[in-house]
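Visitor: Next one to model:
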Amino acid sequence: MNMKTTIAFLASAFLASCAANATPSSASNAKGVKPYPKKICLVTDNKLGSMGSPITKVYADQEVKFCCKPCVAKFEKNPQKYLAKIQ
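Guide: Okay, the predicted model is just below:
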């Protein structure tokens, strides 16, 4: 493979991976998924939308919303700590 082909392949693989791991914002409508009850980021307490479009994920049947990608990474290091804030 030449360099352009390799880059194109890696880019398409990355985008496919992102799409496969994405959680649609309608996930809260799925059976058994509890909707996120707050208007702030679970990690930083920033207003959702203050850092661009909120990111929505589902963990253990609970919808969770974040203000930015770094908050998702921080959450994933210790999800129980942050999920306790919803209770």
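
Visitor: from here on, contacts and neighbour counts on C-alpha atoms
Guide: OK.

Visitor: Pull the helix or strand hosting residue 63 out as PDB, backbone CA atoms only.
Guide: In this assignment (DSSP states H and E), residue 63 forms part of strand 62-66. The C-alpha trace of strand 62-66 is given here as PDB (Å, rounded to 0.1, in the frame of the first residue of the first chain):
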ATOM      1  CA  GLN A  62     -28.300   5.000  32.800                       C
ATOM      2  CA  GLU A  63     -28.100   7.700  30.200                       C
ATOM      3  CA  VAL A  64     -25.200  10.100  31.000                       C
ATOM      4  CA  LYS A  65     -24.400  13.500  29.400                       C
ATOM      5  CA  PHE A  66     -21.000  15.200  29.200                       C
END
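
Visitor: and it, what does it pack onto?
Guide: Under the contact criterion of 3 or more Cα pairs under 8 Å, 6 or more residues apart in numbering; DSSP states H and E, strand 62-66 touches strand 55-59.

Visitor: before we move on, the earlier item: who's in contact with the strand holding residue 63?
Guide: 27-28, 33-36, 40-43, 48, 54-58, 72 (Cα atoms under 8 Å, 6 or more residues apart in numbering).

Visitor: Could you check how far the nearest residue to residue 47 once chain neighbours are set aside is from residue 80?
Guide: Leaving aside its sequence neighbours, residue 47 sits nearest to residue 40 (Cα to Cα, 6 or more residues apart in numbering; 4.4 Å). Noted for residue 40: a distance of 18 Å to residue 80, by Cα to Cα, to the nearest Å.

Visitor: quick one, which of those two is more surrounded?
Guide: Set residue 40 next to residue 80 and count neighbours by other Cα atoms under 10 Å: residue 40 wins out with 18 against 10.

Visitor: if I pick the more buried one, what's in contact with it?
Guide: Residue 40 neighbours (Cα under 8 Å, 6+ apart): 46, 47, 48, 65, 66, 67.

Visitor: out of those, which are buried?
Guide: Neighbour counting with 16 or more other Cα atoms under 10 Å marks 48, 65, 66, 67 as buried within the contacts of residue 40.

Visitor: okay, and for the protein, where does confidence drop off?
Guide: For the chain, the stretches with pLDDT under 70 are 1-30.
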